[in-house]
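Peer 1: The following comprises the amino acid sequence and a computationally predicted model.
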Amino acid sequence: MSNTATAQGRLARLLTLVPYLLNRPGVEVREAARTFGVTERQLIDDLQLIWMCGLPGHTPADLIDVSWDGGEIEVGNAETIDRPLRLTADEAGALLVALRMLAELPGLRDRDALDRTVAKLESAAGAGAAGLAGAVAVRVEADPEALGTIEAALADRRRLRMRYYVPARDEATERDVDPMRMLVVEGRTYLEAWCRRAEAVRLFRLDRVMELTVLDVPLEVPPDAEPIPVERGLFRPSADDQIVTLELTPAGRWVADHYPCESETELSGGGLRVTLRTPDTRWVRRLALQLGARGRVVAPAQLVKELRADAERALALYGES
Amino acid sequence: MSRRKTERLLNLVICLLATGRHLTAEQIRAAVPGYPEQPEAFKRMFERDKEELRELGIPLELGGGDPWEDEVGYRIPRSAYELPDISIEPDEAAVLGLAARVWQQAGLADAASGALLKLRAAGIATESATPPGIEPRVDTADPAFPGLWAAVRDRRPVAFDYQAPGRPAPQRRRLEPWGVVSRRGQWYVAGFDRDRGAERVFKLSRIVGAVAFAGRPGSVEVPADADVREIVGGWRIERNRVARLRVRQGAAQGLRRFAKASGEGGDGWDVIEYSFHDTEWLASHVAGFADDVEVLAPPDVRAAVIVRLREGLAGTAEPGAAGSRTGESGAPAMTGEARRR
């Protein structure tokens, strides 16, 4: 994880750049710059620097030959550094931890390729990488059956029919969807698909899929269907959202970890006041009743009133009032 | 100036790779341009350079220099320096590409793309024509993550301030970290807590401020039988009890999904069987469905639901602050059973 703006970071780049150029005689300055994520000017500066270096003695016969006439780069007399440096523990570790996570996804077809790649990377890494790979883990939950079915539908470009549980409304819904891709975000697996019922791109959490069948119908994703920008988080606030304020006791603080909170304020005694945004308060009513003494809704007043009615009706069911 | 330093470092690497025998510091000064004449200044600069090479993962081998002198010499063994000759098949390139795109934050994302760049530089094709059907992404946005990654990599003890839930202020904790694990999008560090003298798990989002190293690299011994994946949320709940629930028709889909139908409940109601482990957890879950679900049996769950509902009702009246009340029930709440389904 070296910063390429420092001499050390730049050295790391040069030690990779030289073998890259030796393996691609005549590569264009533009392409090399793009590959290394630097400007063409920076790349040429790198070439000028390499040209000043070489074996002890530093006579013209000892120095590395570099030319970029017409924008095509040629490097010679650099046998000493003609192979890249071994992968560092961080580099190999970053890939190995990711590969192990992929291997945890059940039912993935490339299982065998994954195992072979892990073995090869471990051999290419310096000391420490294998230890890192064992000590850093990303757990992923995915239903093997649903994952396999979706993978098949994506490969054969087929429409899917599913029964899907919507927790906000506590409903089981039926819908036909045209799969676009699968995502793993925050440890959970999602299907991104064009939902024919909503006529929009939707994310479906695989552990909420109740039934899933591949239809003998080719999928039809509208050309203007945009993937959901998950890098900004899965929760997308809307102007129509209601703001709900909850006060949580220490035992209820987990709520703040599991739901996206707009704000969190510490209360005396270890409690927490949080505000949530939601387009639908039905799930908040369920959450508040689940919490019991561990938390309570303080606003909006209308929601508190509804909760009171919920609790009274439920107690009446048990013959209590 | 940084450019001159880069030049000196590159010449140093080439010199130490090219030499067959170990070179003393003095020989290196003679061979590599850019070092100062003044002995103290040279020594300081050379020490820093060696450290910078080591940080990049360049193996510096120490050995006997001049046989007539006692001085230590240096070289870089090519076999330890070079990326080994490996071949990557097209299907392996595809999974490598997928793995390299997993990390969302700069540190590990740069490390992963740096690895791919080295493979490409060695002439290995790491690009694949087939688009992946699955795109996994992992966030490491917790400020404590980079420090703990380094601590686990270098097996170093750490110290940090930890805001445990229910405590008024953060507490200093000293930990021998065994590993970091992400579960449901949350990062945890597991290890030996030096103050408690026992195995503990900490949530990275509750670490306040910086993670400090509290010992030398290599000084953490990870027990051979420690499996951090299991330690972090590896519990398996055995659902050894069955509740009979009366459920309003068409309602409580969240319960029905995991239940077995068990007959008519009369007049718009069904009866379902729901297996569970923890009374408080099931009571909490059922209470959420208000008057759509009634627990018929067992009696302890029925009683616990009534308690929950009473508490809920009280919460709608009471103006006091939540922090002043104690509602510890010990139930794992949503973190337990529901998430295992």
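Peer 2: Received the coordinates, thanks.
Peer 1: for B:Asp291, what are its contacts?
Peer 2: By C-beta atoms under 8 Å, 6 or more residues apart in numbering or on different chains, B:Asp291 lies in contact with A:Asp310, A:Arg313, A:Ala314, A:Ala316, A:Leu317, B:Arg248. Bear in mind the C-beta positions are built from the backbone N, C-alpha and C, glycine included.
Peer 1: ranking those residues by neighbours, who comes first?
Peer 2: Most neighbours among these, by other C-beta atoms under 10 Å in any protein chain shown: A:Ala314, with 26 neighbours.
Peer 1: Can you classify that one as helix, strand or coil?
Peer 2: helix (DSSP: H, G, I helix; E, B strand; the rest coil).
Peer 1: Give me the neighbour count for B:Gly265.
Peer 2: The tally of other residues near B:Gly265 (other C-beta under 10 Å) stands at 18.
Peer 1: one step back: now the contacts of B:Asp291 in TSV, please, with extra columns for pLDDT and distance to B:Gln105.
Peer 2: Formatted as TSV, these follow (pLDDT from 0 to 100; distance: C-beta to C-beta, whole Å):
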residue	pLDDT	distance to B:Gln105
A:Asp310	92	42
A:Arg313	92	48
A:Ala314	92	45
A:Ala316	92	52
A:Leu317	89	49
B:Arg248	90	46
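Peer 1: Tell me the one of those nearest A:Asp110?
Peer 2: Checking those against A:Asp110 by C-beta to C-beta gives B:Arg248 as the nearest, at 45.7 Å.
Peer 1: residues touching the nearest residue to the closest one once chain neighbours are set aside, list them.
Peer 2: Sequence neighbours aside, B:Asp292 is the residue nearest to B:Arg248 in space, at 4.5 Å (criterion: C-beta to C-beta, 6 or more residues apart in numbering or on different chains). Shown in contact with B:Asp292 (C-beta under 8 Å, 6+ apart): B:Val247, B:Arg248, B:Ala251, B:Ala252.
Peer 1: Ok, A:Asp46 next?
Peer 2: A:Asp46 sits in contact with A:Arg10, A:Arg13, A:Leu14, A:Leu17, A:Val38, where contact means C-beta under 8 Å, 6+ apart.
Peer 1: again, but for B:Thr19
Peer 2: Residues counted as contacts of B:Thr19 (C-beta under 8 Å, 6+ apart) are B:Arg75.
Peer 1: Can you tell me the SS state at the residue of chain B positioned farthest from its centre?
Peer 2: Centroid-distance maximum for chain B: B:Asp267 at 52.0 Å, with C-alpha atoms, centre = their mean. Using three-state DSSP, the structure places B:Asp267 in coil.
Peer 1: by contact count, what packs against the strand or helix carrying B:Thr6?
Peer 2: Here B:Thr6 sits within helix B:2-18, counting by DSSP states H and E. Where contact means 3 or more C-beta pairs under 8 Å, 6 or more residues apart in numbering or on different chains; DSSP states H and E, helix B:2-18 is packed against helix A:7-23, helix A:40-51, helix B:25-31, helix B:39-55, strand B:72-75.
Peer 1: confidence score at the closest residue in space to A:Asp143 that isn't next to it in sequence?
Peer 2: Nearest non-adjacent residue to A:Asp143, counting by C-beta to C-beta, 6+ apart: A:Leu206, 5.5 Å away. Per-residue pLDDT puts A:Leu206 at 90.
Peer 1: Any figure for the gap between A:Leu206 and A:Val284?
Peer 2: 24 Å (C-beta to C-beta, to the nearest Å).
Peer 1: Which secondary structure state does A:Arg273 sit in?
Peer 2: Look at A:Arg273: counting by three-state DSSP, its state is strand.
Peer 1: And the lowest-mean-pLDDT helix or strand in chain A, how far out from the chain middle?
Peer 2: Least confident helix or strand of chain A, by mean pLDDT, DSSP states H and E, is helix A:129-135 with a mean of 78. Relative to the chain's own centre, helix A:129-135 is displaced by 21 Å; criterion: C-alpha atoms, centre = their mean, to the nearest Å.
Peer 1: Identify the residues contacting that helix?
Peer 2: Contacts of helix A:129-135 (C-beta under 8 Å, 6+ apart): A:87-93, A:96-97, A:100, A:121-122, B:149, B:152-153, B:155, B:178-180, B:222, B:228.
Peer 1: Which PyMOL command selects the buried ones in those residues?
Peer 2: The following PyMOL line selects those of the contacts of helix A:129-135 that are buried, judged by 16 or more other C-beta atoms under 10 Å in any protein chain shown:
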select buried, (chain A and resi 87+88+89+90+91+92+93+96+97+100+121) or (chain B and resi 149+152+153+155+178+179+180+222+228)
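Peer 1: Can you pick out the ones from the contacts of helix A:129-135 that are in strands?
Peer 2: Residues from the contacts of helix A:129-135 lying in strands, with DSSP state E as the criterion: B:Trp178, B:Gly179, B:Val180.
Peer 1: ok, so what distance separates the first one from chain A?
Peer 2: Between B:Trp178 and chain A the computed distance is 7 Å (C-beta to the nearest C-beta, to the nearest Å).
Peer 1: That residue is in contact with B:Asp227, isn't it?
Peer 2: No - with contact defined as C-beta atoms under 8 Å, B:Trp178 does not count as touching B:Asp227 (9.2 Å).
Peer 1: which residues do the two both contact?
Peer 2: Between them, B:Trp178 and B:Asp227 share no contacting residue, judged by C-beta under 8 Å, 6+ apart.
Peer 1: what residues are up against the residue nearest the centre of chain A?
Peer 2: The centroid of chain A falls nearest to A:Val185 when counting by C-alpha atoms, centre = their mean (4.9 Å). Counting by C-beta under 8 Å, 6+ apart, A:Val185 touches A:Val230, A:Leu234, B:Arg137, B:Gly185.
Peer 1: For it, grab phi and psi.
Peer 2: The phi/psi pair for A:Val185 (degrees, to the nearest 10) reads phi -130, psi 130.
Peer 1: Tell me the spacing between it and B:Ile231.
Peer 2: According to C-beta to C-beta, A:Val185 and B:Ile231 sit 24 Å apart.
Peer 1: Same check on B:Ser182?
Peer 2: B:Ser182 is 13 Å from B:Ile231, where distance means C-beta to C-beta.
Peer 1: on that earlier part again, would you mark the buried spots in the helix holding B:Thr6?
Peer 2: Buried-residue list, helix B:2-18, by 16+ other C-beta under 10 Å: B:5-18.
Peer 1: ranges for the strands of chain B?
Peer 2: Using DSSP E, strands in chain B cover B:23-24, B:61-64, B:72-75, B:134-136, B:158-162, B:171-183, B:186-193, B:198-203, B:207-213, B:241-248, B:260-264, B:269-276, B:293-297.
Peer 1: Confidence-wise, which of those strands is weakest overall?
Peer 2: strand B:260-264 (a mean of 79).
Peer 1: can you state the direction angle for that strand and strand B:269-276?
Peer 2: 150 degrees (axes from the mean of the first three to the mean of the last three C-alpha atoms, to 10 degrees).
Peer 1: so which of the ones in strands among the contacts of helix A:129-135 would you say is closest to B:Arg196?
Peer 2: B:Trp178 (14.6 Å).
Peer 1: now A:Thr80: how far from chain B?
Peer 2: If you go by C-beta to the nearest C-beta, the gap between A:Thr80 and chain B works out to 5 Å.
Peer 1: Identify the residues contacting that residue.
Peer 2: Listed by C-beta under 8 Å, 6+ apart, the contact set of A:Thr80 reads A:Leu55, B:Ile14, B:Leu17, B:Ala18.
Peer 1: mind running it again at 10 Å?
Peer 2: By C-beta atoms under 10 Å, 6 or more residues apart in numbering or on different chains, the contact list for A:Thr80 reads A:18, A:54-55, A:64, B:13-19, B:76, B:78, B:81.
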